[in-house]
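Student: here is the input, now give the coordinates:
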Amino acid sequence: MTDFTRRTLVKTSLAGLTLAGIASGTTPAYAAIPLVRKRLTLPTGIATGDVTTDSAVLWSRASGPGRMTATLKAVDSAGEILRGRYGFTRTLRGPLATDASDFTAKIQATGLPAGTRFAVELTFEDENGSGEAVRGTFSTAPGATNGKNDGGAEAARGGGGSSYPQTFVWTGDTAGQGWGINEDLGGMRGYKAMHATKPDFFIHSGDTIYADGPITATVTEKDGQVWRNIVTEEVSKVAETLKEFRGRHRYNSMDANMRAMFADVPVIAQWDDHETHNNWYPGQILDDARYTERNVNTLAARGRQAWQENMPIADAAALWRPGKVDAGQYQPARIYRRISRGPQLDIFCLDMRTFKSPNTDGKEPYTTNILGQEQVDWLIKEVRKSKATWKVIAADLPLGIIVPDGAVNQESLSNRDNGAPLGRELEIAGVLSAFKKHGVKNTVWLTADVHYCAAHHYSPERASFTDFDPFWEFVAGPINAGSFGPNDMDGTFGPEVVFSKAGRFPGESPRDGENQYFGHVEIATDGVFTVSLRNALGAVLYSKALTPQR
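Tutor: Numbering: from 1, shown residues only. Below you'll find the predicted structure:
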């Protein structure tokens, strides 16, 4: 059957006119035929991010050079536009997307009413006018009046004059260990399962891509089944050039489940090692034969630029500019930040990669960095200042889990020594001690990284270091990568493994969804913080309700 398209129609019409002109001896009137203009499209969808009580970052990528435009409209729970006193409509013109940013662009929308649901429409325009429009939704967090505000929180939520619960999900590790987008299985189904919970936002706890993990067309699994990936040129080898790092982000956006979720669910993004290279730290020279470029600072600069272009991050301090990349100068920039989600919740996003000390056995009798002193001071100060009921510490590396980097060195802060804090542990000990000293209550640590899920309770009565108050750490992931674990624990801070669940063997594929994990949190109107750990089929594996200390 002939593929009859509009382009075919135009070509056929031109050919017909030409033949007619030849037959009649006249010149064909080409000027009378309207030109077909190519409109800009949004090939990787849209996303929102770092949404607070009154602001949001709007992100997309254009198919070519163009200026980003966004239209926001307040809607009710059924998606109907709100009118009258609850009505809110705003059109924002953003920056010009060019090849310098891989045609990505962001708009930071400020001055938004709290507790309000918005319909958002993003488009790009050029000399041919406005291009494709892609629509999504997001909700600002409840305001200081516990959800009641002039922006129509109750109307937007369909509420009856009372505050409403917040829910969110978190996980990490997307398209790792060669397990990419398998459309035979419905793509990256974990994103569909998270989306189905209708969360208010999503914390991606790092390893948003796997720049160091090539993806091939087929992989034969341990049981003989064949896994089939979508493959692009950029993912066929380890990422070294800026184009290849950018291609990794473009690849993940090819998944329909991810695009659908990001259009509806705001992202709070963190980065970890695989955005550059496994277990990397600043100043490292790689011993990896797959790489022509062995200076990790050069790779990290390129990886960071691509990551920054593709993540909807709001903090002005995170607006990173690549340094002297050609000279291999990786220039650290701040992406740790606080996201205020109203009276009940503050999110403190850590960066445990940018300022990291070299991986050693971790047993130095002096402090070595996992956060760096500036970030430590910031964390203590901001958590102390927080008036939110719950303070969630979003960490891209776990606290008590031993994460080896070879036979001797350690990747995270634990050092296989159950005694007093040493090395990187001293930095975290200082944070925990400061929280106790200043009477900080209701802290919860959330993380990913280790490719299994777990619930850990830390208490000084079981610990070698005792100057801290008890707290919980919850681990979730991967969402579309090989499964690993469970790992051994370090006893310095007295962790108890209350629950853990891992795959059947290391590197197991995500085929059945039962070895892929995400966490879900609901904060009820009375402040109860309920955490559930779930698999990529949506099944709840473990749940814990935490009552806030007043």
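Student: which residues touch stretch 498-514?
Tutor: With contact meaning Cβ atoms under 8 Å, 6 or more residues apart in numbering, stretch 498-514 is reached by 177, 179, 182, 185, 188-190, 193, 219, 221-222, 225, 227, 451-457, 478, 480-486, 515-517, 533, 535-537, 539, 541-542, 544. For glycine as for every other residue, the C-beta is placed from the backbone atoms N, C-alpha and C.
Student: cutoff 7 Å now
Tutor: 177, 179, 185, 189, 221-222, 225, 227, 452-457, 480, 482-486, 515-516, 535-537, 541-542 (Cβ atoms under 7 Å, 6 or more residues apart in numbering).
Student: work out for me the element the residue lying closest to Pro421 once chain neighbours are set aside sits within.
Tutor: Distance criterion Cβ to Cβ, 6 or more residues apart in numbering; nearest residue to Pro421, sequence neighbours excluded, is Ala429 at 4.2 Å. If you go by DSSP states H and E, Ala429 is part of helix 424-437.
Student: kindly report the same for Ala301.
Tutor: Assessed by DSSP H and E, Ala301 sits inside helix 296-310.
Student: next SSE after that helix?
Tutor: Next helix or strand after helix 296-310 toward the C-terminus (DSSP H and E): strand 337-340.
Student: next helix or strand past that following strand?
Tutor: Later in the chain than strand 337-340, the nearest helix or strand by DSSP H and E is strand 345-349.
Student: off-centre distance for that following strand?
Tutor: Its chain's average C-alpha position is 14 Å from that of strand 345-349, according to Cα atoms, centre = their mean, to the nearest Å.
Student: what do you get for stretch 104-123?
Tutor: The mean C-alpha position of stretch 104-123 is separated from the chain mean by 18 Å, Cα atoms, centre = their mean.
Student: buried set for it?
Tutor: Neighbour-count burial for stretch 104-123 flags 104-109, 112-123 (criterion: 16 or more other Cβ atoms under 10 Å).
Student: equivalent analysis for stretch 287-306, please.
Tutor: For stretch 287-306, by 16+ other Cβ under 10 Å, it's 291, 294-306.
Student: dump the residues you listed into a markdown table; add pLDDT and distance to Glu425 as well.
Tutor: Listed next are the buried residues of stretch 287-306 as a markdown table, based on pLDDT from 0 to 100; distance: Cβ to Cβ, whole Å:
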| residue | pLDDT | distance to Glu425 |
| --- | --- | --- |
| Tyr291 | 97 | 31 |
| Arg294 | 95 | 30 |
| Asn295 | 95 | 29 |
| Val296 | 96 | 24 |
| Asn297 | 93 | 26 |
| Thr298 | 94 | 31 |
| Leu299 | 96 | 28 |
| Ala300 | 94 | 25 |
| Ala301 | 91 | 29 |
| Arg302 | 93 | 32 |
| Gly303 | 94 | 28 |
| Arg304 | 91 | 27 |
| Gln305 | 90 | 32 |
| Ala306 | 93 | 32 |
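Student: for those, which one is nearest Asp417?
Tutor: Using Cβ to Cβ, Val296 is the member of the buried residues of stretch 287-306 that lies nearest Asp417, at 27.1 Å.
Student: ok, that closest one - contacts?
Tutor: Each residue near Val296 by Cβ under 7 Å, 6+ apart is listed here: 276-277, 280, 284-286.
Student: and the furthest pair within those?
Tutor: Thr276 and Ile285 (13.4 Å).
Student: neighbour-wise, which of these two wins?
Tutor: Ranked by neighbour count (other Cβ atoms under 10 Å), Thr276 and Ile285 place Thr276 first, with 30 against 10.
Student: just say helix, strand or coil for the more buried one.
Tutor: Secondary structure state of Thr276, per DSSP: H, G, I helix; E, B strand; the rest coil, is coil.
Student: list the residues that contact the nearest residue to it once chain neighbours are set aside.
Tutor: In space, and not counting its chain neighbours, Thr276 is closest to Gly303: 4.1 Å by Cβ to Cβ, 6+ apart. Applying Cβ under 7 Å, 6+ apart, we find Gly303 in contact with 211, 245, 275-276.
Student: most neighbours of all these, which one?
Tutor: Neighbour counts for the contacts of Gly303 (other Cβ under 10 Å) peak at Thr276, which has 30 neighbours.
Student: quick check: it vs Asp288, distance?
Tutor: 12 Å (Cβ to Cβ, to the nearest Å).
Student: and Ile347, how many neighbours?
Tutor: Neighbours of Ile347 under the rule other Cβ under 10 Å: 23.
Student: wait, it touches Val267, no?
Tutor: No - the criterion here is Cβ atoms under 7 Å, and Ile347 misses it with Val267 at 11.8 Å.
Student: so which of the contacts of stretch 498-514 sit within strands?
Tutor: If you go by DSSP state E, those have 227, 453-457, 535, 541-542 in strands.
Student: and of these, the nearest to Asn257?
Tutor: Asn535 (15.1 Å).
Student: quick one: mean pLDDT for stretch 366-379?
Tutor: Mean pLDDT, stretch 366-379: 96.
Student: quick one on the thing from earlier: buried stuff in the helix holding Ala429?
Tutor: 424-435.
Student: just stretch 454-468 next, same as before
Tutor: By 16+ other Cβ under 10 Å, the buried positions in stretch 454-468 come out as 454-458, 460, 463-465, 468.
Student: the strand or helix carrying Trp170: how far from the chain's middle?
Tutor: Using DSSP H and E, Trp170 maps to strand 166-171. Relative to its parent chain, strand 166-171 has a centroid offset of 12 Å by Cα atoms, centre = their mean.
Student: got it, and stretch 429-440?
Tutor: Counting by Cα atoms, centre = their mean, stretch 429-440 is centred 28 Å from the centre of its parent chain.
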